[in-house]
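In: With the sequence up front, the predicted model follows.
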Amino acid sequence: MSLNIVVLAAGQGKRMNSRLPKVLQPLAGKPLLRHVLETARKLNPKRLVVVYGHGGEVVRETLDDTDLVWALQAEQLGTGHALRQALPFLEPVLSTLVLYGDVPLVRPETLAALMVAASADGLGILTAQLANPKGYGRVLRDARGAVRAIVEEKDASPEERRVTEINTGILLLPTASLPRWLENLSSANAQGEYYLTDVVVQAVEEGIPVRAVEAACQWETEGVNDRLQLARLERLWQREEATRLLRQGVRLTDPERLDVRGALTCGRDVFIDAGCVFTGEVTLEDSVEIGPYCVIGNARIRTGAKLAAYTHVEGAEIGAGAVVGPYARLRPGTILSEAAHVGNFVEIKNSHIGAGSKANHLAYVGDADLGARVNVGAGVITCNYDGANKWRTVIEDDVFIGSDTQLVAPVHVGKGATLGAGTTLTKDAPAEALTVSRARQTSFAGWKRPEKHKG
């Protein structure tokens with residue numbers, strides 16, 4: 001079914017106590033509204049309209065996707081008033097699906113079921129059964145079980161408040177009827193607003209089929225009004241991600257201590273320890289092992305690689321069988337080749353580390369190209385920045401770099417060279433030779449250390 005989709009996203013969200021508009025609050029690393037839009041696009045809408053209001057320009061700047069049509073709701077006078085702002089942008093011959101920018105977890109398959117139930121000429125309502133429906137509008141049915149109305153809680157009678165079937169707010173509407181229905185809405189209610197749900201009564205009176213579909217999972221229809229609800233949905237999201245990974249064969253030490261804030265793709269026999277955070281696009285190939293409390297973003301980690309605890313990886317590629325950490329940091333542009341080793345308190349940035357090369361302790365390698373089987377000693381630094389420009393260091397195969405060496409770029413170290421400990425390299429080092437740059441060692445006999453003054 002081709003359709004219009006309207007996302008209502010004009011609310012201020014006062015209870016968030018934030019300068020950031022509610023629909024831009026982050027869930028799993030993305031704005032709430034971004035989640036809704038990604039779901040909407042999976043339904044291939046002909047029109048995708050966002051009704052915005054509070055913080056509107058910030059919302060538009062943050063989500064500047066070219067397929068969006070923006071409709072301004074300058075005054076927040078209710079959901080019916082909000083949808084009225086979108087009317088000029090809708091295809092009249094198509095149905096219109098109404099979503100909400102603060103209801104981020106609804107699934108495409110749930111919306112597809114609603115579309116099938118409502119059909120092209122009907123009105124569809126997505127509902128849920130709640131043991132405690134407080135705060136929600138109730139779905140009222142007649143003696144035959146047909147939907148006859150939706151009543152907001154503040155306007156409901158005591159008997160109506162005992163109904164446990166609630167309106168989620170998500171509706172599928174015949175667009176051709178909307179101008180007439182929305183024009184007939186009244187704000188004579190407890191909140192003084194134009195309720196979109198009042199169109200249900202008009203549809204019933206006109207004999208238009210009204211069909212309700214219950215969401216398969218209650219959590220997917222939950223909205224966000226405050227920080228507590230946002231935190232709850234975050235854990236719901238993460239639990240679903242953990243369940244997905246477990247079902248495909250990933251071994252998780254603790255599914256409750258996993259954070260996926262992007263897209264995580266895993267091969268077979270992957271192990272992820274507790275407390276890890278994944279951001280952006282991350283791929284873990286077969287038999288990768290991730291130790292506890294690692295933070296990994298926009299990275300590919302190839303078959304059999306192992307990351308020890310507290311390793312940070314951002315924008316890097318780690319080769320098959322490589323070993324990294326603990327407490328290592330790989331920054332953007334880093335490529336580790338097969339079986340490379342990067343140890344504790346080593347930072348690498350924009351560098352290529354060749355196969356079997358090792359930097360196991362307390363080193364900084366930036367803007368460098370290392371060949372195969374290079375040994376980088378403790379305390380080694382590539383001095384890549386002269387205060388204005390970055391320069392590269394090239395180290396060929398089988399080089400040994402002694403501890404506490406500084407390589408002042410641009411320099412080239414030839415194949416098989418050895419740099420003695422404490423060397424400051426400012427010129428190219430020849431292949432198969434020992435290069436040492438140190439001050440002469442001197443000893444002073446009879447020298448006395450200063451003594452601390454007493455009193």
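Out: Looks like it arrived, so ask away.

In: Could you list the domains of the protein?
Out: For the chain, automatic domain parsing gives the domain ranges 3-221, 227-435.

In: wait, which of those domains is closest to Pro450?
Out: For the domains of the chain, proximity to Pro450 was assessed by Cβ to Cβ; domain 227-435 is nearest, at 25.7 Å. (Each C-beta comes from the backbone N, C-alpha and C, glycine too.)

In: For that closest one, measure first residue to last.
Out: Length of domain 227-435, first residue to last, Cα to Cα, to the nearest Å: 60 Å.

In: now that domain: how far from the chain's centre is it?
Out: 22 Å (Cα atoms, centre = their mean, to the nearest Å).

In: Please apply the same query to stretch 174-185.
Out: Centre-to-centre, stretch 174-185 and its host chain are 37 Å apart (Cα atoms, centre = their mean).

In: Confidence-wise, which of the domains of the chain is weakest overall?
Out: With a mean of 93, domain 3-221 has the lowest mean pLDDT of those.

In: end to end, how far does that domain reach?
Out: 21 Å.

In: how about the helices in the stretch 151-300 of the chain?
Out: 158-161, 178-183, 199-205, 227-247 (DSSP state H, counting those that start in this stretch).

In: Adding mean neighbour count and distance to Arg449, write the domains of the chain out as a markdown table.
Out: Formatted as a markdown table, these follow (neighbours: other Cβ atoms under 10 Å; distance: least, Cβ to Cβ, whole Å):
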| stretch | mean neighbour count | distance to Arg449 |
| --- | --- | --- |
| domain 3-221 | 18 | 56 |
| domain 227-435 | 19 | 23 |
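
In: Quick check: which of the ones you listed is nearest to Phe444?
Out: Per Cβ to Cβ, nearest to Phe444 of those: domain 227-435, 19.9 Å.

In: which residues does Leu336 form a beta bridge with?
Out: Leu336 has the following beta-bridge partners by DSSP bridges: Ile318, Ile353.

In: dump the residue contacts of it.
Out: Ala316, Glu317, Ile318, Gly319, Ala322, Val324, Leu330, Val342, Ile348, Ile353 (Cβ atoms under 8 Å, 6 or more residues apart in numbering).

In: now the fifth one: how far from Leu284?
Out: In this structure, Ala322 and Leu284 are 13 Å apart, going by Cβ to Cβ, to the nearest Å.

In: cool, and the last one?
Out: In this structure, Ile353 lies at 19 Å from Leu284, with Cβ to Cβ as the measure.

In: was I right about Ala433 contacting Ala417?
Out: Yes: using Cβ atoms under 8 Å, Ala433 is in contact with Ala417, at 5.9 Å.

In: how about the helices of the stretch 151-300 of the chain in a markdown table, adding distance to Arg107?
Out: Below are those laid out as a markdown table (distance: least, Cβ to Cβ, whole Å):
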| stretch | distance to Arg107 |
| --- | --- |
| helix 158-161 | 29 |
| helix 178-183 | 25 |
| helix 199-205 | 23 |
| helix 227-247 | 10 |
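
In: Relative to Gln25, which of these is closest?
Out: helix 227-247 (5.9 Å).

In: Check which helices and strands that closest one is in contact with.
Out: Applying 3 or more Cβ pairs under 8 Å, 6 or more residues apart in numbering; DSSP states H and E, we find helix 227-247 packed against strand 26-27, strand 251-252, strand 258-266.

In: backbone phi and psi for Arg34, please?
Out: Note on Arg34: backbone dihedrals following degrees, to the nearest 10 are phi -60, psi -40.

In: mind listing what it touches?
Out: Per Cβ under 8 Å, 6+ apart, neighbours of Arg34: Leu63.

In: Could you report the distance from it to Asn17?
Out: 22 Å.

In: try Thr311
Out: In terms of Cβ to Cβ, Thr311 sits 35 Å off from Asn17.

In: now do Thr393
Out: Applying Cβ to Cβ, the value for Thr393 to Asn17 is 49 Å.

In: could I get the domains of the chain as JSON lines with distance to Glu451?
Out: Putting the domains of the chain into JSON lines (distance: least, Cβ to Cβ, whole Å) gives the following:
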{"stretch": "domain 3-221", "distance to Glu451": "59"}
{"stretch": "domain 227-435", "distance to Glu451": "30"}
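
In: any idea what sits nearest Pro31, other than its immediate chain neighbours?
Out: Leu24 (4.5 Å; Cβ to Cβ, 6 or more residues apart in numbering).

In: That neighbour contacts Gly56, correct?
Out: No: between Leu24 and Gly56 there is no contact under Cβ under 8 Å: 11.0 Å.

In: Ala363 is in contact with Val374, isn't it?
Out: No: Ala363 is not in contact with Val374 according to Cβ under 8 Å; the separation is 11.5 Å.

In: Now do the same contact list for Ala203.
Out: Ala203 touches Leu123, Ser177, Trp181, Val210, counting by Cβ under 8 Å, 6+ apart.

In: What score does Gly455 have for pLDDT?
Out: The per-residue pLDDT reported for Gly455 equals 66.
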